[in-house]
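S.K.: just coords:
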């Protein structure tokens, strides 16, 4: 897209060459062909050194630029608008079942459902109106997928899984696997035994949930593993059997929640955090990155960090312990000297 | 299922309305339509507040319930029996190769093998009697899958992988990938080089092994990456090249074992733990959640935790250091005052 | 292969029975039927107890062996040569598009491209000369795959993804997912809101990059998530939106990099490490296993470890704190006694 065209669409004015633009990028990351943006004069150094071919600047900017300038009232907002124009067009997933998809005759498809190539949907499953099931998906027997839910390629739903409406399930998500359910121990003769516990329950996902690529959520032993409405789950997260996430929570990448634990409303579990089984996290609690939570959090701490999880202050005290010890060592040495001198 | 039917099947007696029941659940999690259970009078509060439509109670229970009651001798046992009735029926995977599966003519299929739709099995592979290979699986050249092993949808086995009998391989498992095998360094001129090391070995999985969703096990540089019999591996676990897990061990979700490490018999590696390469973990050792093991464990500690991994007692001492320091500070201050007073 | 044949090929001399050999293995791991090797007399104990059927030994070895011996000048080198002979033959991926693949008519395929069964390639995509796209792959609209790049089964590339030349993308890799992009907060009335931020950018992978099984790389909010040339990424790694990895770096298994962070040239991020968002890691820095990096690293430390990440020395000081405290306690006690005695 020509800079002049873009200026017109954004309601801005062009200064300099009418360059061809193909993408957006921050001032530092931008390359030739990119449009960047700056609002605040304190970033003037980044403007001076950017490799962008054009930059969106506010009317009052008087510090120049090494490239074409498009002046607009709100550069941040204009850049988001431009980004939408440069974005790969969202693929159209028109209603209809692809000729190669294998959909059992007993499956109930709502109105305007899209089913992509090589997808398998087994008997007794229900797919709601306007749902999009992309290519190479596997949906087992007796599942439910709510209206307008979008399932990306190569997702698997084991039998009995229920997914709500308006959900987004990204590539490689695994819902309803057996997880780790064994009785371990030693027999009287000292030999180890490991017996599989049947996993008789299901996974149930509420409305408006998003689940990131390659995340795994295990079916319940009995009853349901439950992910409440509007919960947002990132990539590579593990959620064990019979976990209950009440809703409106976030679980960031590579975090894990062990079996039968309950996560309250409005919690945020940061990346790589681990939460033990059979505990409760109170509403609104945040668990920091890489934190390890061995027992229930009643909400008296709003943010925990470290392993075992503690307050920021307590973790800082541990980190500072060597410094404190050095100081004490000095004082003890001084006392010794004083005592000897008496 | 009607409560009256269920009471009959479970050999119990019905008290209250003959409600319709569709699932099982713990007292706290249960919803209308659920059957719950309680054995111990100390949980009376949970019974009083449960939303279950019916609850299994022992004959001696005299504290009432807010819903239909089914009296049975052993409520826990009866609930498991009921859960089996409510569970989604296990899908039947009848013997036979689906018309869309692509099985090389040289593949040797045992008796009563099931091969699902869109599955690819390449040349020279052997599938044992009664094995179930579900939909959309990829099995490369020269693989072996043992009798009665069950491979769920969207698993990949790279060439030469051997899987034993009676194994369960869950969705999205990747066996035999190249993993991270590079020579890194700097040339004399300071430039970085990164060269791929050919991964010439295979993955070999023993009998009775279960592998959780999206777990990855890398092929050996030479020889075999070996997972011994009855080992149970959870979801999202990473096992590097030439690792040897002797057998009868458990590896919980998101744990990782680096290259050429040996895990003894009967070990338990808890969630998110990491074990360095080229070390040995003695038989029966447990590595706690999120622990980081930098060197071999000879079994003198049966349980390690923390990073670097240590005893529970040593980790507790670090966690308590700030408190100890505060106490010492007080004592030193007191000594100073006393000394000044002399 | 007979030991005598192998001796001939390797230019060695056979001593003992002409056994049948089928694989290579280290002295400890080897089983009957295996060839092992030893160069250094200090490992004599391992030779004495090996279960290998034959062992490669140097001419000067005078300590015997419990099995067939093949004497060669360089046993390590000879074993690698033998391993290549025992390795499963690399599957041939001949040029051509499998009859079951669904390739949009608008897709531009270079010369000698291989497209495997059940693979889907959507409109406007470009595949370079000699690229190998294996079975059951999904490549969305408007993607680019460079010459000689090898994509293993069950990989997904969302729309607009660009992959360079000479890359290797292992099974189950997810490129271009939306990742975790939400605005979270509380409204004035105290209720929680979670709004999806459109992810308008793409993923761009440079030349010579290798990406391990089940790794996930998110598309940019605007612009590109960029993985520079010759970067090597292990299994189950998570890379957030707008991350920039300059190039020639390694990211080991289960590590994670949060959004908008920049990783310099020649960095090594060890297993299970986590790097926060919006920071910079200087060229050549190594981040140790399980380390958690909350802020930028300017290169003054070449290696960091722990969480929050620090020098090895600082982490050691924390680990040693309890010992230091015990020592101080003893000294303070002694001082008290001395003072009381004065």
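M.R.: Arrived safely, thanks for sending. Fair warning: this is a prediction, and the values are worked out from it, not measured in the lab.

S.K.: show me what contacts the residue in the stretch 1-150 of chain A that chain B sits nearest to?
M.R.: Using C-beta to the nearest C-beta, the single residue of the stretch 1-150 of chain A nearest to chain B is residue A:138, 4.2 Å away. Using the backbone N, CA and C atoms, a C-beta is placed for each residue, glycine as well. Residues in contact with residue A:138, defined by C-beta atoms under 8 Å, 6 or more residues apart in numbering or on different chains, are A:119-120, A:155-157, B:134-136, B:153-154, B:171.

S.K.: the stretch 1-150 of chain A: helices as residue ranges?
M.R.: A:3-10, A:44-49, A:75-86 (DSSP state H, counting those that start in this stretch).

S.K.: low-confidence stretches in chain A?
M.R.: For chain A, no stretch has pLDDT under 70.

S.K.: tell me which element residue A:264 falls in.
M.R.: Element membership of residue A:264 [criterion: DSSP states H and E] is strand A:262-265.

S.K.: need the contact partners of stretch A:59-66.
M.R.: Contacts of stretch A:59-66 (C-beta under 8 Å, 6+ apart): A:38, A:41, A:44, A:47-50, A:55, A:57, A:69, A:71, A:73.

S.K.: name the residues of it that are buried.
M.R.: Going by neighbour count (16 or more other C-beta atoms under 10 Å in any protein chain shown), the buried part of stretch A:59-66 is A:61, A:65.

S.K.: before we move on, back to that, so in terms of bridging, what pairs with the residue of the stretch 1-150 of chain A closest to chain B?
M.R.: For residue A:138, the beta-bridge partners under DSSP bridges are residue A:120, residue A:156.

S.K.: can you tell me how far it sits from residue B:134?
M.R.: According to C-beta to C-beta, to the nearest Å, residue A:138 and residue B:134 sit 8 Å apart.

S.K.: hey, what's in contact with both of those two?
M.R.: Shared contacts of residue A:138 and residue B:134, defined by C-beta under 8 Å, 6+ apart, comprise residue B:153.

S.K.: pick out the residue of chain A closest to chain C.
M.R.: Of all residues in chain A, residue A:88 sits closest to chain C, at 3.2 Å by C-beta to the nearest C-beta.

S.K.: in contact with the closest residue in space to that residue that isn't next to it in sequence, which residues?
M.R.: Closest residue to residue A:88 apart from its sequence neighbours, by C-beta to C-beta, 6 or more residues apart in numbering or on different chains: residue C:160 at 3.2 Å. Applying C-beta under 8 Å, 6+ apart, we find residue C:160 in contact with A:87-88, C:140-143, C:176, C:202-203, C:219.

S.K.: likewise for residue A:115?
M.R.: Contacts of residue A:115 (C-beta under 8 Å, 6+ apart): A:96-98, A:101, A:103, A:109, A:121, A:127, A:133.

S.K.: go through these and say which is closest to residue A:323.
M.R.: residue A:133 (57.8 Å; C-beta to C-beta).

S.K.: how many neighbours does that closest one have?
M.R.: 28 (other C-beta atoms under 10 Å in any protein chain shown).

S.K.: ok, it to residue C:130 distance?
M.R.: Here residue A:133 is placed at a distance of 34 Å from residue C:130 (C-beta to C-beta).

S.K.: and residue A:219, by the same measure?
M.R.: Per C-beta to C-beta, residue A:219 is found 43 Å from residue C:130.

S.K.: more neighbours: these two, which one.
M.R.: It is residue A:219, of residue A:219 and residue C:130, that has more neighbours when counted by other C-beta under 10 Å, with 27 against 18.

S.K.: so the nearest residue to that one once chain neighbours are set aside is in which element?
M.R.: Nearest non-adjacent residue to residue A:219, counting by C-beta to C-beta, 6+ apart: residue A:176, 4.5 Å away. Using DSSP H and E, residue A:176 sits in strand A:174-177.

S.K.: buried residues in that strand?
M.R.: For strand A:174-177, by 16+ other C-beta under 10 Å, it's A:174-177.

S.K.: ok, then the element right after it?
M.R.: The element immediately downstream of strand A:174-177 (helix or strand, assigned by DSSP H and E) is strand A:182-186.

S.K.: does that next one come close to chain B?
M.R.: Yes: counting by C-beta under 8 Å from any C-beta of the partner chain, chain B has neighbours in strand A:182-186: A:182, A:184, A:186.

S.K.: most neighbours among these, which one?
M.R.: Using other C-beta under 10 Å as the neighbour test, the residues of strand A:182-186 next to chain B are led by residue A:182, with 17 neighbours.

S.K.: what residues does that one make contact with?
M.R.: Residue A:182 makes contact with A:194-197, B:232, B:250, according to C-beta under 8 Å, 6+ apart.

S.K.: who in the stretch 101-250 of chain A is up against chain C?
M.R.: By C-beta under 8 Å from any C-beta, the residues of the stretch 101-250 of chain A that approach chain C are A:116-118, A:134-136, A:152-154, A:168, A:170-172, A:210, A:212-214, A:230, A:232, A:234-236, A:248, A:250.

S.K.: for residue A:210, give the beta-bridge partners.
M.R.: Beta-bridge partners recorded for residue A:210 (DSSP bridges): residue A:168, residue A:232.

S.K.: equivalent analysis for residue A:144, please.
M.R.: On the basis of DSSP bridges, residue A:144 is bridged to residue A:126, residue A:162.

S.K.: count of residues packed around it?
M.R.: Around residue A:144 there are 21 residues (other C-beta under 10 Å).

S.K.: same question for residue A:280.
M.R.: 17.

S.K.: do residue A:32 as well
M.R.: 11.

S.K.: in space, what's closest to it - neighbours in sequence excluded?
M.R.: Using C-beta to C-beta, 6+ apart and skipping the chain neighbours, the partner closest in space to residue A:32 is residue A:53 (5.5 Å).

S.K.: same check on residue A:80?
M.R.: Nearest residue to residue A:80, sequence neighbours excluded (C-beta to C-beta, 6+ apart): residue C:222, at 7.1 Å.

S.K.: so that neighbour sits against residue A:79, correct?
M.R.: Yes: shown here, residue C:222 and residue A:79 form a contact pair, counting by C-beta atoms under 8 Å, at 7.0 Å.

S.K.: who touches both of these two?
M.R.: Common neighbours of residue C:222 and residue A:79, counting by C-beta under 8 Å, 6+ apart, are residue A:24.

S.K.: regarding chain A, what is its longest helix?
M.R.: helix A:312-341 (DSSP state H).

S.K.: list the buried residues of that one.
M.R.: For helix A:312-341, the neighbour count (16+ other C-beta under 10 Å) marks A:314-315, A:317-319, A:321-322, A:324-325, A:328, A:331-332, A:335, A:339 as buried.

S.K.: who's in contact with residue A:126?
M.R.: By C-beta under 8 Å, 6+ apart, residue A:126 lies in contact with A:107-108, A:110, A:143-145.

S.K.: other residues contacting stretch A:36-52?
M.R.: With contact meaning C-beta under 8 Å, 6+ apart, stretch A:36-52 is reached by A:24-28, A:30-32, A:34-35, A:54-58, A:61, A:63-67, A:74-76, A:78-79.

S.K.: ditto for stretch A:322-338
M.R.: Residues outside stretch A:322-338 that contact it (C-beta under 8 Å, 6+ apart) are B:322, B:325, B:328-329, B:332, B:335-336, B:339, C:314, C:317-318, C:320-321, C:324-325, C:328, C:331-332, C:335.

S.K.: likewise stretch A:290-298?
M.R.: For stretch A:290-298, contacts defined as C-beta under 8 Å, 6+ apart pick out A:270-276, A:279-282, A:285, A:287, A:304-309, B:272, B:289-290, C:274, C:290, C:292, C:307.

S.K.: contacting residues around the spatially most central residue of chain A?
M.R.: In chain A, the centroid-proximal residue (C-alpha atoms, centre = their mean) is residue A:234; its distance is 2.2 Å. Neighbour list for residue A:234: A:212, A:215, A:250-255, A:271, C:179-180, C:238 [criterion: C-beta under 8 Å, 6+ apart].
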